[in-house]
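[1] Dropping the sequence and predicted coords here.
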Amino acid sequence: MLIGALGMAAVVIGIAFIGFQKAAWIVLGAIYVAIGLLYILRRAGSLKISLGPALGGLSGSRGSIALGLLFGLNIPACAAPLMFALLGMAAAGGVSGGTLSAGFISLSLFGFALSLPIVAAVLVPSARRALDWLSSLSRRLPLWTGLLLVALGLWSIGFGLFAEIKA
C-alpha cells in the first residue's frame, strides 16, 4: 500500500511538472510574440525601460548566482525530452540501488552542457565579438528580428499546447 502511494505521488509530481513546463512554454512564447510584434511595429524602444532591480546591481558573485538561478529555472523546449530521459534514468537508478550522487552528476553535466554556449560567449573573446556582431544586426534589421521572435514564440506556444510527452 505504501509503495502504491509512492507511485501515485510520483505520477502527481510528474504531471504537475509537465503541466508547469507546458504553461511556461506558452507564457514565454506569448512574451516572444509580443516582443516580436513590437520590433515589427518599430516600437521596440518601449522595451528600454527599467523595471525592478537594475542588472547593474547584479554584478559580482551574488548577481551571477541570482542570474544563474533565474536562467536555471527554465529549460528550452528542445532540451525537455533529454531532461525527462535523464530524470527517468535517475529515478530508475534510485530504485535499483543507485546513489544520489549519480543522479546529481548526470543532471549537473546536462545543465553544464546546456549553458556551455553562454559560457563560451562570455569567456572567449572571438565568440563575444561574434555575439556582438549578431546583436548589431538586430538593430539594423528589426523586421527580421521581429519575425524570428514571432515564429519562435508561436513555435513555443504550439509546443506547450500540442506536445504530448508519453512515459
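    Great, that's in hand.
[2] and stretch 143-153, what's its mean pLDDT?
    Confidence over stretch 143-153 (mean pLDDT, whole number) is 89.
[3] What of stretch 4-17?
    72.
[4] Helices of the chain, start to end?
    Taking DSSP state H to define them, one finds helices in the chain at 2-40, 60-72, 80-95, 100-123, 125-140, 142-162.
[5] which non-adjacent residue is nearest Pro142?
    Tyr39 (4.6 Å; C-beta to C-beta, 6 or more residues apart in numbering). In short, each C-beta sits where N, CA and C put it, glycine included.
[6] same deal with Ala23?
    Gly160 (6.9 Å).
[7] tell me the contacts of that neighbour?
    22-26, 29, 77 (C-beta atoms under 8 Å, 6 or more residues apart in numbering).
[8] Apply 10 Å and report the result again.
    21-30, 77 (C-beta atoms under 10 Å, 6 or more residues apart in numbering).
[9] How much space separates it from Leu149?
    Counting by C-beta to C-beta, to the nearest Å, the separation of Gly160 from Leu149 is 16 Å.
[10] what do you get for Arg43?
    13 Å.
[11] next one: Ile105
    From Ile105 to Leu149 the distance is 36 Å (C-beta to C-beta).
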